[in-house]
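Trainee: Need coordinates for the below:
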Amino acid sequence: MNIFFEKEQEANSSDIIENPHFSHALNAFDSYLSNTHKRYWNPKDSAYLDLSNGFDFQKQTLLQEADFPELMGPLGNILNTEQKLLYINTYVAKMVTGMLYAEQAATFACVNLSKMLANFSAVEYALNQAREETRHISGFNQYIKHRFQVPVPIRSVYKNLLNKIINAPRVHLQIVGVQVILEGLGMSSLSYFARKANDPALQRLCRLVMSDEASHHKFGIDWLQQLDTLNKSDRDEAEDWAWYCFNQFWQSAFAPEKIIQFYKELGFDQAQATKVTNQYHLGEQTDSGRMFYQLAKTLQKNGLITNRTKHHYAPWLDSTIKDEEETYQQIITDTITLLEDINTNRPSKHL
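Mentor: Okay, the predicted model is just below:
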């Protein structure tokens, strides 16, 4: 039986209250729900997230210059020290703001998903994820206000994609869009900042969010084992939707044509600008690009890339990068241990 089956009636149907499926709670979701208390954290409590650490955003880079291959290449010969500081911190502001928008999308998508599910245990899971996403929103909002004052405006491609994910009309589309694609890319981004951010507050925030998102992504990966329960039409739809989301995230994250234009404005000709963009911004050896290579391998490993769709992902599947799962797990284990230490003997809290 596919435990993620949908309601037969519309969400606004008059018999939603008497839905007989709600009396059949399954234990398949227990592992996702039973450990939520272990990773409790409150973004408004300085015991969990302290923003007053003396980091000077105006004088210090949020990431090391060495983390930007383009600054080790031709761009580094053009920009002075102050411009490099601005370049790095502007990039981080865009990335952190992008994570905030993703958390907001995940929250509303999970609420919508809960309305589609026929099994009450699945509903409980979806709403619990929505609850956890809201504390991520609070944490990122606080960080952005403290460091950047205001969020970076969202790109139209990214905004349109997130809206489509939120409003996806079927369970399999919601789960592929949020728990598989969005959370998969999120884990890579969070891991990157959790390991490399110079600002201790950003490191801590990303580690805290990762402790929740790991469970959300695992839910999506586990759901992929249910792909064979879908009929051919729904399975093809899930595969096509996965590629659409993957490609749109790629375009919104990197917008290669805009990077090329940026270099042309600095005096590079078309050929030079294209070469530099491909070499320093989009390759698997760049930290920003690696997340897509990682996600493509995850999708292939778990059956969401098939012979029918494999050609779409060819540039990302021809890769030698190592699986980052071990790195993720070490960060998560360390963070949960930290949270257990903080939460010990503290007053009772809302879980």
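Trainee: where are the low-confidence patches of the stretch 251-351 of the chain?
Mentor: In the predicted model of the stretch 251-351 of the chain, residues 282-288, 321, 323, 347-351 satisfy pLDDT under 70.
Trainee: Does F68 touch T90 like I think?
Mentor: No: between F68 and T90 there is no contact, the gap being 11.6 Å when judged by CB atoms under 8 Å. Every residue, glycine included, has its C-beta placed from N, CA and C.
Trainee: and L49, that's in a strand?
Mentor: No: counting by DSSP: H, G, I helix; E, B strand; the rest coil, L49 is not part of a strand but coil.
Trainee: what secondary structure does the closest residue to R147 other than its chain neighbours sit in?
Mentor: Ranked by CB to CB, 6 or more residues apart in numbering and with sequence neighbours excluded, the top spatial neighbour of R147 is F57, at 5.2 Å. Put simply, F57 is coil when judged by three-state DSSP.
Trainee: Over to the one 5 residues further on?
Mentor: On the three-state scheme (three-state DSSP), L62 is labelled coil.
Trainee: what about the spatially closest residue to it that is not a sequence neighbour, how many neighbours?
Mentor: Setting aside the residues directly before and after it, L62 is nearest to V92 in space (CB to CB, 6+ apart), at 4.1 Å. V92: 20 surrounding residues under other CB atoms under 10 Å.
Trainee: how about V92, what does it touch?
Mentor: Each residue near V92 by CB atoms under 8 Å, 6 or more residues apart in numbering is listed here: L62, L63, F193, A197, L202.
Trainee: Next one: P153 from N247, what distance?
Mentor: Noted for P153: a distance of 22 Å to N247, by CB to CB, to the nearest Å.
Trainee: try V111
Mentor: 26 Å.
Trainee: Repeat that for T277.
Mentor: With CB to CB as the criterion, T277 and N247 are 17 Å apart.
Trainee: more crowded one of these two?
Mentor: T277 (22 against 14).
Trainee: Name the SS class of the nearest residue to the more buried one once chain neighbours are set aside, please.
Mentor: Residue nearest to T277 in three dimensions, not counting chain neighbours: I259, with 4.6 Å by CB to CB, 6+ apart. Counting by three-state DSSP, the backbone at I259 sits in helix.
Trainee: Can you report how many residues lie near I259?
Mentor: 19.
Trainee: which residues touch it?
Mentor: When the contact criterion is CB under 8 Å, 6+ apart, the partners of I259 are A273, T277, H281.
Trainee: what about it, distance to Q279?
Mentor: Applying CB to CB to I259 and Q279 gives a distance of 11 Å.
Trainee: How about Y313?
Mentor: 21 Å.
Trainee: And these two? Which one has more around it.
Mentor: The residue with more neighbours, out of Y313 and Q279, is Y313; 22 against 15, by other CB under 10 Å.
Trainee: Identify the residues contacting T61.
Mentor: K84, L85, I88, N89, N198.
Trainee: Let me know the pLDDT of the third one.
Mentor: Right, the one you point to is I88. Looking at I88, its pLDDT is 91.
Trainee: Which residue, neighbours along the chain excluded, lies closest to it?
Mentor: Going by CB to CB, 6+ apart, I88 has T61 as its nearest residue, at 4.5 Å.
Trainee: still on that earlier bit, export the contacts of V92 to TSV and tack on distance to E325?
Mentor: Shown next, in TSV, are the contacts of V92 (distance: CB to CB, whole Å):
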residue	distance to E325
L62	26
L63	23
F193	18
A197	21
L202	23
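Trainee: which of the residues you listed lies closest to E213?
Mentor: F193 (12.6 Å; CB to CB).
Trainee: Near the closest one, how many other residues are there?
Mentor: The number of residues near F193, taken as other CB under 10 Å, comes to 23.
Trainee: K322 is in contact with Y293, correct?
Mentor: No: with contact defined as CB under 8 Å, Y293 does not reach K322; the gap is 10.3 Å.
Trainee: Where do the strands of the stretch 101-250 of the chain begin and end?
Mentor: In the stretch 101-250 of the chain, no strands are found when defined by DSSP state E, counting those that start in this stretch.
Trainee: Tell me where the model's unsure across it.
Mentor: If you take pLDDT under 70 as the line, the stretch 101-250 of the chain has no such spans.
Trainee: those helices in it, which residues are they?
Mentor: Here the stretch 101-250 of the chain has its helices, by DSSP state H, counting those that start in this stretch, at 120-147, 156-166, 171-175, 183-196, 200-224, 232-254.
Trainee: of all the ones you listed, which lies closest to L338?
Mentor: L338 lies closest, by CB to CB, to one member of the helices of the stretch 101-250 of the chain: helix 200-224, at 8.0 Å.
Trainee: Show me which residues of that closest one are buried.
Mentor: Buried positions in helix 200-224, judged by neighbour count with 16 or more other CB atoms under 10 Å: 201-217, 219-221, 223-224.
Trainee: Relative to L161, how far out is the residue nearest to Y263 when sequence neighbours are not counted?
Mentor: Once flanking residues are discounted, Y263 sits nearest to A273: 3.8 Å by CB to CB, 6+ apart. Distance of A273 to L161, given as CB to CB: 26 Å.
Trainee: With Q225 instead?
Mentor: 26 Å.
Trainee: Likewise for R235?
Mentor: 22 Å.
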